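sequence first, then the predicted structure, then my questions.
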Amino acid sequence: MAVGWGVIGAAASPASHIPEGILPARSARLATVMDVDPALAKAASERFGDVPWFTEVEPLLARDDVQASTSLRPTIAHAPQALAASRRASTCSSRSPWR
């Protein structure tokens with residue numbers, strides 16, 4: 001069974017790991033995307049197969065089909081999002097969207 005990933009900050013510049021990492025992996029699937037900008041969240045959803053999209057983290061993490069999440073938001077947001085994911089017993093990775 002493939003792990004369902006929720007991508008937080010899906011419109012961030014290094015979101016290339018969605019098509020390069022999550023989509024081709026047999027053990028992973030993109031479950032949902034989130035961005036604080038509704039237009040960017042919707043665009044990311046459409047780009048990656050019309051997955052559900054959100055503008056807040058909590059609804060993304062509350063989904064039963066999300067077992068792991070990755071945060072591409074500014075570093076200051078990583079800790080609260082990792083804590084929220086851990087409360088839900090979900091794996092969370094974080095990376096900064098700036099190179």
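Now that the structure is in, tell me what you want to look at.

which residue sits closest to Ser27, ignoring its sequence neighbours?
Nearest non-adjacent residue to Ser27, counting by CB to CB, 6 or more residues apart in numbering: Ala2, 5.7 Å away. From N, CA and C alone the C-beta is placed, and that goes for glycine too.

ok, that neighbour - contacts?
Ala25, Arg26, Ser27, Ala28, Arg29 (CB atoms under 8 Å, 6 or more residues apart in numbering).

my guess is Thr70 contacts Val3. True?
No: between Thr70 and Val3 there is no contact under CB atoms under 8 Å: 11.3 Å.

point to the helix or strand of the protein where mean pLDDT is at its lowest.
helix 17 (a mean of 61; mean pLDDT, DSSP states H and E).

now do the helices in the chain.
17, 38-47, 57-62, 78-87 (DSSP state H).

possible to save those helices as CSV with mean neighbour count?
Formatted as CSV, these follow (neighbours: other CB atoms under 10 Å):
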stretch, mean neighbour count
helix 17, 15
helix 38-47, 17
helix 57-62, 18
helix 78-87, 16
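
those: which one's closest to Val7?
helix 38-47 (7.5 Å; CB to CB).

which other helices and strands contact that closest one?
With contacts taken as 3 or more CB pairs under 8 Å, 6 or more residues apart in numbering; DSSP states H and E, helix 38-47 sits against strand 28-34, strand 53-54.
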